[in-house]
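Visitor: return a 3D structure for these sequence lines:
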Amino acid sequence: MQTILDMDTLLAARRARGMTQGNVARATGISVPTLRALERGEGGLGPLVAIMGVLGLRWGWVPHGEDAAAALAGRRKVRGISQAELARRIGCSRPTLIALERRLAGSVATLARALQILGLRPMLRGVAPVGRGLVPARNAPARDLVMTPPELAAAVIGHFAPGLSGSVLDPARGQGAFHDGLCMALAVKASERRMRK
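Guide: Numbers count the residues shown, from 1 in each chain. I've put the predicted structure just below:
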(Lines give C-alpha, C1' and ligand atoms only; values in the text may rest on other atoms or scores of the structure.)
Protein backbone atom coordinates (compact mmCIF):
# COMPACT_ATOMS: atom_id res chain seq x y z
CA MET A 1 0.00 0.00 0.00
CA GLN A 2 1.38 3.41 -0.99
CA THR A 3 1.66 5.76 1.99
CA ILE A 4 1.56 9.54 2.12
CA LEU A 5 4.20 9.81 4.82
CA ASP A 6 6.47 12.52 3.48
CA MET A 7 9.80 10.69 3.52
CA ASP A 8 11.51 13.90 2.54
CA THR A 9 10.25 15.56 5.75
CA LEU A 10 11.60 12.75 7.94
CA LEU A 11 14.89 12.49 6.05
CA ALA A 12 15.35 16.27 5.76
CA ALA A 13 14.73 16.76 9.48
CA ARG A 14 17.34 14.11 10.33
CA ARG A 15 19.89 15.57 7.94
CA ALA A 16 19.19 19.16 9.06
CA ARG A 17 20.24 18.11 12.56
CA GLY A 18 23.37 16.43 11.19
CA MET A 19 22.21 13.08 12.56
CA THR A 20 22.90 9.67 11.08
CA GLN A 21 20.39 6.85 11.29
CA GLY A 22 22.54 5.43 14.09
CA ASN A 23 22.41 8.72 16.04
CA VAL A 24 18.62 8.83 15.82
CA ALA A 25 18.31 5.15 16.72
CA ARG A 26 20.45 5.62 19.84
CA ALA A 27 18.61 8.80 20.86
CA THR A 28 15.21 7.12 20.59
CA GLY A 29 16.06 3.56 21.66
CA ILE A 30 14.85 2.04 18.39
CA SER A 31 16.87 -0.06 15.96
CA VAL A 32 18.41 1.24 12.74
CA PRO A 33 16.29 -1.21 10.66
CA THR A 34 13.16 0.21 12.34
CA LEU A 35 14.26 3.74 11.42
CA ARG A 36 15.00 2.67 7.85
CA ALA A 37 11.52 1.17 7.59
CA LEU A 38 9.98 4.41 8.87
CA GLU A 39 11.95 6.43 6.34
CA ARG A 40 10.33 4.17 3.69
CA GLY A 41 6.87 4.84 5.15
CA GLU A 42 6.60 1.46 6.88
CA GLY A 43 6.47 0.34 10.49
CA GLY A 44 4.62 1.33 13.64
CA LEU A 45 3.44 4.66 14.94
CA GLY A 46 5.10 4.24 18.37
CA PRO A 47 8.66 4.41 16.98
CA LEU A 48 7.60 7.22 14.63
CA VAL A 49 6.39 9.30 17.58
CA ALA A 50 9.73 8.77 19.35
CA ILE A 51 11.62 9.90 16.25
CA MET A 52 9.38 12.93 15.81
CA GLY A 53 10.39 14.19 19.25
CA VAL A 54 14.10 13.90 18.46
CA LEU A 55 13.79 15.46 15.00
CA GLY A 56 11.47 18.33 15.96
CA LEU A 57 8.49 17.11 13.92
CA ARG A 58 4.78 17.18 14.67
CA TRP A 59 1.64 15.77 13.11
CA GLY A 60 0.72 17.87 10.09
CA TRP A 61 -3.06 17.61 10.42
CA VAL A 62 -3.29 18.53 14.10
CA PRO A 63 -3.87 22.15 15.18
CA HIS A 64 -1.35 23.20 17.82
CA GLY A 65 -2.15 21.80 21.25
CA GLU A 66 -4.85 19.36 20.12
CA ASP A 67 -4.75 15.59 20.60
CA ALA A 68 -3.80 13.85 17.33
CA ALA A 69 -6.10 10.85 17.79
CA ALA A 70 -9.06 13.06 18.73
CA ALA A 71 -8.41 15.32 15.73
CA LEU A 72 -8.44 12.27 13.46
CA ALA A 73 -11.71 10.96 14.93
CA GLY A 74 -13.21 14.45 14.75
CA ARG A 75 -12.37 14.79 11.08
CA ARG A 76 -13.98 11.41 10.35
CA LYS A 77 -17.17 12.50 12.13
CA VAL A 78 -17.25 15.84 10.30
CA ARG A 79 -16.98 13.95 7.01
CA GLY A 80 -19.96 11.78 8.08
CA ILE A 81 -18.04 8.51 7.78
CA SER A 82 -18.66 5.71 10.28
CA GLN A 83 -15.79 3.77 11.85
CA ALA A 84 -16.93 0.64 10.02
CA GLU A 85 -16.96 2.47 6.66
CA LEU A 86 -13.54 4.07 7.16
CA ALA A 87 -12.06 0.74 8.28
CA ARG A 88 -13.48 -0.91 5.15
CA ARG A 89 -12.03 1.81 2.90
CA ILE A 90 -8.64 1.62 4.60
CA GLY A 91 -8.63 -2.17 4.43
CA CYS A 92 -8.30 -2.76 8.17
CA SER A 93 -10.50 -4.07 10.96
CA ARG A 94 -12.78 -1.82 13.01
CA PRO A 95 -10.76 -2.57 16.21
CA THR A 96 -7.63 -1.39 14.37
CA LEU A 97 -9.35 1.89 13.50
CA ILE A 98 -10.64 2.26 17.06
CA ALA A 99 -7.06 1.89 18.39
CA LEU A 100 -5.93 4.50 15.88
CA GLU A 101 -8.64 6.98 16.92
CA ARG A 102 -8.22 6.41 20.66
CA ARG A 103 -4.43 6.23 21.14
CA LEU A 104 -2.95 6.73 17.68
CA ALA A 105 -1.80 3.10 17.83
CA GLY A 106 -1.17 1.05 14.72
CA SER A 107 0.92 1.21 11.59
CA VAL A 108 2.18 4.14 9.56
CA ALA A 109 0.46 2.66 6.50
CA THR A 110 -2.94 2.52 8.23
CA LEU A 111 -2.66 6.11 9.44
CA ALA A 112 -1.46 7.26 6.02
CA ARG A 113 -4.41 5.65 4.28
CA ALA A 114 -6.86 7.15 6.81
CA LEU A 115 -5.36 10.61 6.29
CA GLN A 116 -5.58 10.19 2.53
CA ILE A 117 -9.25 9.19 2.67
CA LEU A 118 -10.08 12.03 5.08
CA GLY A 119 -8.18 14.61 3.02
CA LEU A 120 -5.70 15.37 5.80
CA ARG A 121 -2.22 16.21 4.58
CA PRO A 122 0.66 16.37 5.24
CA MET A 123 1.27 13.62 7.78
CA LEU A 124 4.32 15.35 9.28
CA ARG A 125 5.63 18.88 9.45
CA GLY A 126 8.56 20.55 11.11
CA VAL A 127 8.13 22.48 14.31
CA ALA A 128 8.87 26.14 13.71
CA PRO A 129 11.67 27.19 16.00
CA VAL A 130 10.55 29.62 18.70
CA GLY A 131 13.98 31.20 18.82
CA ARG A 132 17.59 30.20 18.89
CA GLY A 133 17.52 29.81 22.66
CA LEU A 134 20.98 29.06 23.98
CA VAL A 135 22.35 27.75 20.67
CA PRO A 136 24.97 30.12 19.25
CA ALA A 137 24.63 31.35 15.68
CA ARG A 138 26.80 29.64 13.06
CA ASN A 139 29.72 31.56 11.70
CA ALA A 140 31.17 31.39 8.22
CA PRO A 141 33.52 28.37 7.94
CA ALA A 142 36.43 30.72 7.18
CA ARG A 143 36.07 32.25 10.63
CA ASP A 144 35.56 28.90 12.41
CA LEU A 145 34.66 30.79 15.54
CA VAL A 146 31.57 30.38 17.71
CA MET A 147 31.25 32.38 20.91
CA THR A 148 29.37 31.01 23.90
CA PRO A 149 26.24 33.10 24.41
CA PRO A 150 26.31 34.95 27.76
CA GLU A 151 22.99 33.29 28.75
CA LEU A 152 24.48 29.81 28.30
CA ALA A 153 27.65 30.74 30.19
CA ALA A 154 25.52 32.17 33.02
CA ALA A 155 23.45 28.96 33.19
CA VAL A 156 26.59 26.80 33.39
CA ILE A 157 28.23 29.07 35.98
CA GLY A 158 25.00 29.19 38.02
CA HIS A 159 24.93 25.40 38.11
CA PHE A 160 28.49 25.13 39.42
CA ALA A 161 28.54 28.33 41.51
CA PRO A 162 28.02 26.62 44.90
CA GLY A 163 31.28 24.70 44.51
CA LEU A 164 33.42 27.48 43.01
CA SER A 165 36.59 28.68 44.65
CA GLY A 166 40.06 29.84 43.62
CA SER A 167 41.21 31.83 40.59
CA VAL A 168 39.98 32.11 37.02
CA LEU A 169 42.34 31.07 34.23
CA ASP A 170 40.62 31.26 30.85
CA PRO A 171 43.09 30.74 27.96
CA ALA A 172 40.27 30.85 25.39
CA ARG A 173 38.61 33.99 26.74
CA GLY A 174 36.89 34.98 23.50
CA GLN A 175 34.39 37.69 24.38
CA GLY A 176 34.60 36.81 28.07
CA ALA A 177 31.26 35.10 28.68
CA PHE A 178 32.77 32.51 31.04
CA HIS A 179 35.69 34.63 32.29
CA ASP A 180 33.56 37.58 33.35
CA GLY A 181 30.80 35.42 34.81
CA LEU A 182 33.24 33.27 36.78
CA CYS A 183 35.06 36.33 38.14
CA MET A 184 31.74 37.83 39.24
CA ALA A 185 30.61 34.56 40.86
CA LEU A 186 33.90 34.28 42.76
CA ALA A 187 33.68 37.91 43.88
CA VAL A 188 30.15 37.33 45.20
CA LYS A 189 31.29 34.23 47.10
CA ALA A 190 34.24 36.13 48.59
CA SER A 191 31.92 38.94 49.65
CA GLU A 192 29.53 36.46 51.27
CA ARG A 193 32.43 34.86 53.17
CA ARG A 194 33.57 38.28 54.47
CA MET A 195 30.04 39.16 55.59
CA ARG A 196 29.78 35.89 57.55
CA LYS A 197 32.98 36.66 59.51
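
Visitor: give me the contact list for the top helix by length along the chain.
Guide: Identified as the longest helix of the chain according to DSSP state H is helix 177-196. The contact list for helix 177-196, computed with CB atoms under 8 Å, 6 or more residues apart in numbering, reads 147-150, 152-154, 156-157, 161, 164-168, 170, 173. Using the backbone N, CA and C atoms, a C-beta is placed for each residue, glycine as well.

Visitor: pull out the buried members of those.
Guide: Neighbour counting by 16 or more other CB atoms under 10 Å classes 148-149, 152-154, 156-157, 161 among the contacts of helix 177-196 as buried.

Visitor: what is the nearest of those residues to residue 47?
Guide: Sorting the buried ones among the contacts of helix 177-196 by how near they are to residue 47, with CB to CB, puts residue 152 at the top with 32.0 Å.

Visitor: which SSE is that closest one in?
Guide: helix 150-160 (DSSP states H and E).

Visitor: and the closest residue to residue 51 other than its chain neighbours, what does it touch?
Guide: Among residues not flanking residue 51 along the chain, residue 28 sits closest, at 5.6 Å (CB to CB, 6 or more residues apart in numbering). Residue 28 makes contact with 35, 47, 50-51, 53-54, according to CB under 8 Å, 6+ apart.

Visitor: any idea which of the residues you listed is closest to residue 113?
Guide: residue 47 (18.5 Å).

Visitor: next one, pLDDT for the closest one please.
Guide: Residue 47 carries a pLDDT value of 92.

Visitor: since we're on it, how many residues are nearby?
Guide: 19 (other CB atoms under 10 Å).

Visitor: that one contacts residue 39, correct?
Guide: No. Counting by CB atoms under 8 Å, residue 39 is not a contact partner of residue 47; they are 11.2 Å apart.
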